[in-house]
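>>> coords below, sequence missing:
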């Protein structure tokens, strides 16, 4: 069974698509059990070693003289966002996803903009696995265009970047916002204890440095 190390920006979905196996087959591989048990779903780091099972051939039985049609469903990923207004209330509005950029891998592409309605502020869309950038246009009273990078984290020096890395490592389960709340203190303390650092619960320089070393940029 071959093993490989993820390239920068690759996640479980990219590896499964490239190797021609399902992500579930990689998840179910016994050699990956310990590694994936301590990772957020689909998240991989460049120092990880992932075992990839051999693709299983699909067997289709047909009668002589019949024609069989196989349907290919390319890998996709979820885009899930919650929109709020300046008061913190959920923002119900029409939205548009457009200006898609891809990572260069072969696969499905979106032929044009996607339109939807965010009920109670929720955007839940499926996108091709190769999408790396897009633009979200919120059609409220005054249209607002936001550039999004799929799979990108803010710098560790920001609260969003700090929370994102701690959540990917399994220490934090709260929202990815700019609020410094008790859950983040507990998450920092748990990470510090795991690395042998003073358990202050504060994201000091040593903690952020260790977080980048473990998680990566």
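On my side now, so go ahead. Note that the coordinates shown come from a computational prediction; the quantities given were computed from them, not determined experimentally.

>>> Least confident secondary structure element in the chain?
The weakest-scoring helix or strand in the chain, judged by mean pLDDT, DSSP states H and E, is helix 12-19 (a mean of 73).

>>> what does it rub up against?
Helix 12-19 is contacted from outside by 4, 6, 22-23, 25-27, 41-44, 50, 52, 55, 74-75, 77, 103, 105, 107, 129, using Cβ atoms under 8 Å, 6 or more residues apart in numbering. Quick note: C-beta positions are derived from backbone N, CA and C, even for glycine.

>>> Filter those residues down to just the ones in strands.
4, 50, 77 (DSSP state E).

>>> residue ranges with poor pLDDT in this protein?
1, 7-10, 17, 38-43, 46, 72-74, 216-217 (pLDDT under 70).

>>> Domain parsing of it, as residue ranges.
3-51, 76-149, 159-215 (automatic domain parsing).

>>> Using JSON lines, please lay out the ones you listed together with mean neighbour count and distance to residue 65.
Below are the domains of the chain laid out as JSON lines (neighbours: other Cβ atoms under 10 Å; distance: least, Cβ to Cβ, whole Å):
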{"stretch": "domain 3-51", "mean neighbour count": "15", "distance to residue 65": "30"}
{"stretch": "domain 76-149", "mean neighbour count": "14", "distance to residue 65": "33"}
{"stretch": "domain 159-215", "mean neighbour count": "17", "distance to residue 65": "54"}
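
>>> I figured residue 122 was touching residue 91, is that so?
No. With contacts counted by Cβ atoms under 8 Å, residue 122 stays clear of residue 91, the gap being 9.9 Å.

>>> residues shared between the contacts of these two?
In contact with both residue 122 and residue 91: residue 83, using Cβ under 8 Å, 6+ apart.

>>> strands paired with the host helix or strand of residue 94, and their directions?
Per DSSP states H and E: residue 94 is located in strand 93-102. Here strand 93-102 is paired, per DSSP bridges, with strand 114-118 (antiparallel), strand 131-139 (antiparallel).

>>> what does that strand contact?
By Cβ under 8 Å, 6+ apart, strand 93-102 touches 79, 83, 109-110, 112-118, 123, 125, 127-128, 130-140.

>>> From residue 192, how far out is the nearest residue to residue 191 once chain neighbours are set aside?
Excluding the flanking residues, the one nearest residue 191 by Cβ to Cβ, 6 or more residues apart in numbering is residue 171, at 4.9 Å. Distance, residue 171 to residue 192, using Cβ to Cβ, to the nearest Å: 10 Å.
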